[in-house]
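In: Task: produce atomic coordinates for the following.
(2 chains)
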Amino acid sequence: DVKVTQSSRYLVKRTGEKVFLECVQDMDHENMFWYRQDPGLGLRLIYFSYDVKMKEKGDIPEGYSVSREKKERFSLILESASTNQTSMYLCASSEGGWGYTFGSGTRLTVV
Amino acid sequence: ELKVEQNPLFLSMQEGKNYTIYCNYSTTSDRLYWYRQDPGKSLESLFVLLSNGAVKQEGRLMASLDTKARLSTLHITAAVHDLSATYFCAAFPMDSNYQLIWGAGTKLIIKP
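Out: Model prediction:
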């Protein structure tokens, strides 16, 4: 089975900090995604990547950047964390046009 | 542009009852997915439906696809409390192999 691992389940960061959320998948998937999920707003795509060093903006990229230096790792970066970035962050990977496998999620609180 | 709509968005029901969640999509898609999310947890894949008339079943859950009507249903038979979760449907646009388009999710609460 594909495994997608997010490095932290819970994080608490201070406003203005630079925050790194790490995601690693172990099945050589081409595509990787970062979503945030907030109550009543469903899943919102932040960024995705279809190849190493390639990235595409999703629906809500403002305040975020990403890095994909290796195929298995996709990092989400909050350059200067703000309280409105408090959320559940979900990483996913996929191969071709098939469904996604999700990581366990990171619940980030910015204080 | 593909849009995916689920209804209802919230459903509270008694154990032992049957109910159906509906997933409509606006343009042609050849791949329809259902996912489950338990409270505070991530999403796990339930079903993938690839062709008109496709039906998949696991336990008390059955999903079906009508591509002509652009409709998928998730039917719950004799609901039990353990099925309480949020259920998402998602579809790929015909011109994309990357980005699934998600419904808003249906929060299902099953009362003992």
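
In: wait, what's in contact with whichever residue of chain A sits closest to chain B?
Out: Scanning chain A for the residue nearest chain B gives residue A:97, at 3.7 Å (criterion: Cβ to the nearest Cβ). Every residue, glycine included, has its C-beta placed from N, CA and C. If a contact means Cβ atoms under 8 Å, 6 or more residues apart in numbering or on different chains, then residue A:97 has B:31, B:92, B:96-97 as its contacts.

In: pretty sure it belongs to a strand, no?
Out: No - following the definition DSSP: H, G, I helix; E, B strand; the rest coil, residue A:97 is coil and is not counted among the residues of a strand.

In: Okay, now the unreliable bits of chain A?
Out: Across chain A, residues meeting the criterion (pLDDT under 70) sit at A:1-2.

In: Can you pull up the residues of it that come close to chain B?
Out: Chain A has residues A:31, A:33, A:42-43, A:45, A:48, A:50, A:56, A:58, A:90, A:92, A:94, A:96-105, A:107 near chain B, with proximity defined as Cβ under 8 Å from any Cβ of the partner chain.

In: go with 6 Å
Out: A:31, A:42-43, A:50, A:90, A:96-97, A:99, A:102, A:104-105 (Cβ under 6 Å from any Cβ of the partner chain).

In: tell me, what residue is most central in chain A?
Out: The central residue of chain A, meaning the one whose C-alpha is nearest the mean C-alpha position (Cα atoms, centre = their mean), is residue A:34 at 3.1 Å.

In: Many thanks, we can stop here.
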